[in-house]
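>>> Below are the sequence and a predicted model; questions follow.
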Amino acid sequence: MSLKYSTTTADYLVWSDAMNLIRKLTRDDNYMMSLLVALGCFTGLRISDILALHWFQIIDTDELCVTERKTGKLRVIRINSQLRSHIRECYEHIQPIGINAPVFVSRKGTIYSVQRINVILKQLKTKYHLRIGNISCHTLRKTFGRQVYTMNGDNAELALIKLMELFNHSSVSITKRYLGLRQEELLDTYDCLHF
């Protein structure tokens, strides 16, 4: 938890660490958190949109249509075969009351809050020795963005434009700052200096 009146920025997980976390959570029968991390990393949705999902929206489908709470804009997301398979596996283990039920229901029968998810993520960081500074719900969205950028290394500018549109940013420079690329570029300047 951050100090009052202080600001912290969520860091991203290295993709392989995020995928290992999903596998470890599944192995440990924590299908709910495994699914949450998978959906965050594979869709890039904000946590408020993830927590609002119902099973009928994500089970056995190729596309997820979400009206983003923050922007009010419709977003269509392709669910690839690996994610689709993971969703099905989690559904079978979680055994919700029905297909119309919300996905992220706690043991108390209520939908998880953002604050509770942040606490759980911090616990997972400790339990699984995650190599990350500041972890929060926003980490999942940033992990998605970083992976898209990294995968398109040959065409990084196109990746930034795609991410700018997916994240609904007004400029590429905002997307670069969001992903922490701007700071890295500035710090790389010092590496150019030699004796």
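All right, it came through fine.
>>> Which parts of the protein are strands?
63-67, 74-78 (DSSP state E).
>>> The ones you listed: lowest mean pLDDT?
When those are compared by mean pLDDT, strand 74-78 comes last with a mean of 92.
>>> by how many degrees do it and strand 63-67 diverge?
160 degrees (axes from the mean of the first three to the mean of the last three Cα atoms, to 10 degrees).
>>> other SSEs contacting strand 74-78?
Using 3 or more Cβ pairs under 8 Å, 6 or more residues apart in numbering; DSSP states H and E as the contact criterion, the secondary-structure elements in contact with strand 74-78 are strand 63-67. Quick note: C-beta positions are derived from backbone N, CA and C, even for glycine.
>>> still on that earlier bit, got the strands of the chain as a markdown table, with mean neighbour count and distance to Tyr91 columns?
Formatted as a markdown table, these follow (neighbours: other Cβ atoms under 10 Å; distance: least, Cβ to Cβ, whole Å):
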| stretch | mean neighbour count | distance to Tyr91 |
| --- | --- | --- |
| strand 63-67 | 14 | 14 |
| strand 74-78 | 13 | 18 |
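>>> now the ones you listed in CSV, with distance to Thr139?
As requested, those are exported to CSV (distance: least, Cβ to Cβ, whole Å):
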stretch, distance to Thr139
strand 63-67, 19
strand 74-78, 19
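>>> which one of those strands lies closest to Leu35?
The stretch from the strands of the chain with the least distance to Leu35 (Cβ to Cβ) is strand 63-67; that distance is 13.1 Å.
>>> Tell me which strands that closest one pairs with, and in which orientation.
Partner strands and pairing direction for strand 63-67 (DSSP bridges) are strand 74-78 (antiparallel).
>>> Please enumerate residues in contact with the partner strand?
Contacts with strand 74-78, where a contact means Cβ atoms under 8 Å, 6 or more residues apart in numbering, come from Thr43, Gly44, Leu45, Asp62, Glu63, Leu64, Cys65, Val66, Thr67, Glu68, Leu166.
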